[in-house]
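Student: with the sequence up front, the predicted model follows.
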Amino acid sequence: MQTVEMSLTVIVVLVLLALVFDFMNGFHDAANSIATIVSTRVLKPHQAVIWAAVFNVVAIFIFQLTVAKTIGKGTIDPDIVDYHVVFGALIAGIVWNTITWYYGIPSSSSHALIGGLVGAAVAKGGMGTLIWSGLGKTLLFIVIAPVLGFLLGGFLMVAISWLCNSMAPRKVDKVFRRLQLLSAAAYSIGHGGNDAQKTIGIIWMLLLAAGITPADESVPVWVIVACYTSMGLGTMFGGWRIVRTMGQRITKLNQAKGFSANMGGAITLFMSTLMGIPVSTTHTITGAIAGVGSTGGPRNVRWGVAGGIVWAWILTIPASALIAAIAWWIGRLVL
């Protein structure tokens with residue numbers, strides 16, 4: 001990797017911008033972790049965001065930096081990375097997150113960032129700057145993650161219905177009211193483990209390009225701590241505009257359904273993170289919620305709402321790529 005000349009001031013500004021994106025990632029995706037436990041009234045909203053934020057940060061002790069490596073070294077050619085490319089990618093992620101948050105659309109922060117990297121890299125060096133082995137896995141899991149969440153969420157709901165068939169509904173609700181806390185914690189760990197690493201990867205990419213971190217050394221500890229903390233704080237502030245869409249508009253949830261959706265999503269996130277694949281927590285939990293709802297029949301899922309979310313998924317990467325290309329051009333003029 002060639003070392004790119006960058007002033008310390010620019011590097012500090014870009015690191016802070018990356019942490020702003022990370023904060024917005026937590027803020028935007030808080031609904032993914034808390035929608036089920038808020039909509040089923042297991043926890044009050046302010047309690048739920050604290051619960052989710054704590055377990056976002058706990059993920060630091062569980063996962064290795066597999067996703068960060070994919071983002072930092074396996075998405076675009078490291079030799080073309082400079083502060084203009086990083087600036088374009090981060091601005092695209094922040095702008096797209098702001099737009100979708102404002103309109104209450106559960107889009108993917110992860111894919112906004114990846115789209116930003118793609119757009120900035122192509123704007124600078126063309127299609128040859130893309131590493132298709134890494135991007136291919138990410139694009140493939142746009143489909144696989146929600147489908148896997150759908151299947152796991154539905155399977156768990158069917159299993160629970162069978163196991164609890166002879167139990168009184170009130171007792172089932174009481175048991176799963178407690179278990180939902182565990183499933184929400186598991187989902188939040190998976191959320192933190194996958195999403196915080198994407199920002200770690202971006203900052204690592206920047207430090208490698210600037211020659212501050214040697215290519216044969218691991219990510220500095222301060223980057224890891226800063227990214228997990230930033231994301232946890234973002235989750236604590238919560239993305240309230242999206243909670244209602246995720247919690248009740250796709251399908252009506254009770255305690256058992258909320259548990260099944262969270263666990264289906266958590267298992268998907270754990271598997272993806274262990275394989276080093278950046279996935280969308282939004283896609284994952286949406287698929288799991290729809291899977292749970294479909295066990296009661298297709299009419300129990302509001303497919304029109306789900307379809308609107310899918311359109312946001314389809315648009316995220318090309319839209320953020322376009323924004324990144326524009327931001328890259330602006331960055332060349334002002335940085």
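Tutor: Received, thanks. Remember, predicted model here, so these are calculated numbers, not experimental data.

Student: quick one: list the elements packing against the longest helix seen in the chain.
Tutor: Looking across the chain with DSSP state H, the single longest helix is helix 169-210. In terms of contacts (3 or more CB pairs under 8 Å, 6 or more residues apart in numbering; DSSP states H and E), helix 169-210 is packed against helix 8-39, helix 45-58, helix 66-73, helix 83-102, helix 109-125, helix 221-237, helix 255-274, helix 281-294. For every residue, glycine as well, the C-beta is placed using N, CA and C.

Student: what about the residue nearest to N194 when sequence neighbours are not counted, neighbour count?
Tutor: Among residues not flanking N194 along the chain, T273 sits closest, at 4.7 Å (CB to CB, 6 or more residues apart in numbering). T273 has 26 neighbours, counted by other CB atoms under 10 Å.

Student: then N254?
Tutor: Neighbours around N254, by other CB under 10 Å: 17.

Student: what of V13?
Tutor: Neighbour number of V13 under other CB under 10 Å is 14.

Student: ok, now how distant is it from I91?
Tutor: V13 sits 12 Å away from I91, taking CB to CB, to the nearest Å as the criterion.

Student: low pLDDT regions in this protein?
Tutor: Applying pLDDT under 70 to the chain flags the ranges 1-6, 30-32, 106, 238-252, 300-309.

Student: can we see that at 50?
Tutor: Within the chain, the stretches with pLDDT under 50 are 1-2, 245-248, 250.

Student: which residues does the closest residue to M167 other than its chain neighbours contact?
Tutor: For M167, ignoring the flanking residues on the chain, the nearest one in space by CB to CB, 6+ apart is V175 at 8.0 Å. When contacts are counted by CB atoms under 8 Å, 6 or more residues apart in numbering, V175 touches C164, M167, Q255.

Student: name the nearest residue to the first one, sequence neighbours excluded.
Tutor: Same thing as C164. V172 (4.9 Å).

Student: contact partners for the one you found?
Tutor: C164, Q255, A256.

Student: ok, so of the residues you listed, who is nearest I50?
Tutor: For the contacts of V172, the minimum distance to I50 (CB to CB) is 20.1 Å, reached by Q255.

Student: separation between the nearest residue to that closest one once chain neighbours are set aside and T66?
Tutor: With sequence-adjacent residues excluded and distances taken as CB to CB, 6+ apart, Q255 is closest to F176, at 3.8 Å. Distance of F176 to T66, computed by CB to CB: 32 Å.

Student: who has more neighbours, the two?
Tutor: Using other CB under 10 Å, the more surrounded residue of F176 and T66 is F176, with 22 against 17.

Student: next up, phi/psi of S218, please.
Tutor: Main-chain torsions, S218, degrees, to the nearest 10: phi -80, psi 180.

Student: please identify which of the helices and strands packed on helix 169-210 is closest to S133.
Tutor: With CB to CB, the closest approach to S133 among the helices and strands packed on helix 169-210 belongs to helix 66-73: 9.6 Å.

Student: what's the closest one in contact with?
Tutor: Contacts for helix 66-73 (CB under 8 Å, 6+ apart): 113-114, 117, 134, 137-138, 193-194, 197-198, 200-202, 204-205, 208, 219, 273-278.

Student: what does stretch 162-170 give?
Tutor: With contacts defined as CB under 8 Å, 6+ apart, stretch 162-170 is touched by V172, V175, A256.
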